[in-house]
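Chemist: Test case, fold it:
(one chain, ligands or ions: 1)
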Amino acid sequence: MVLTIRTYGDPVLKQPTKDVEEIDGRLARLVEGMVETMHEAPGVGLAANQVGVRRRLFVYDIGDGPQVVINPRITETSGEWAFEEGCLSVPGLSWTIVRPNKVHLSGLDLDGNELSIDAEEYEARVLQHEVDHLDGTLLIERLDEEQRREALKVLRARVLAG
Ligand code: ZN
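Modeler: This next block holds a predicted model:
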């Protein structure tokens, strides 16, 4: 089932999510819906709160098939990389954002097994973007001051236009 993607201005995007305590059939169905929604959009990543669910998990697919990470935590970062980044919750806009180039991410898969992911460049970018979502942080908050001022002007006008 394709779910509705929440967009800028929806308070659920600013609220930190809670750890998943039980991996059950309900969660598996949510993941299935999130993967379908991400592919349909199309996007390369989708966090649970982007579909209105305040649970700490995201799905992503950078071309190697869909992956899910439950209770993800970034435990190490290094380097710097500037890359043009967009977001399904902020449609039609993108900005060059500097973030760490490499990350180590830990979490669980849908069977409850420990995941330990070393990623760099594009994959690392996607993982950081999705973990940000789960912490209630949108990419707007990663912009420099000037980019941010311009972005907020556009976005506030959009929200007012309804
Ligand atoms: Zn996003």
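
Chemist: Touching, Arg99 and Leu127? I think so.
Modeler: No. The pair Arg99 / Leu127 is not scored as a contact, 10.1 Å apart, by C-beta atoms under 8 Å. The C-beta positions use only the backbone N, C-alpha and C, and glycine is treated the same way.

Chemist: Neighbour count for those two, which is higher?
Modeler: A direct count of neighbours by other C-beta atoms under 10 Å for Arg99 and Leu127 places Leu127 higher, at 24 against 19.

Chemist: Show me which positions of the strand or helix carrying that one end up buried.
Modeler: Assessed by DSSP states H and E, Leu127 sits inside helix 121-134. With burial defined by 16 or more other C-beta atoms under 10 Å, the residues of helix 121-134 counted as buried are Glu123, Ala124, Arg125, Val126, Leu127, Gln128, His129, Glu130, Val131, Asp132, His133, Leu134.

Chemist: again, but for stretch 79-91
Modeler: Glu85, Gly86, Cys87, Leu88, Ser89, Val90.

Chemist: Next one: the third one from Asn113, what distance?
Modeler: The reference is to Cys87. Distance, Cys87 to Asn113, by C-beta to C-beta, to the nearest Å: 29 Å.

Chemist: and what of the fifth one?
Modeler: Look at Ser89 and Asn113: by C-beta to C-beta, they are 29 Å apart.

Chemist: Same question for Pro42.
Modeler: For Pro42, the distance to Asn113 - C-beta to C-beta - is 28 Å.

Chemist: Now do the same contact list for Lys18.
Modeler: Residues near Lys18 by C-beta atoms under 8 Å, 6 or more residues apart in numbering: Arg54, Arg55, Arg56.
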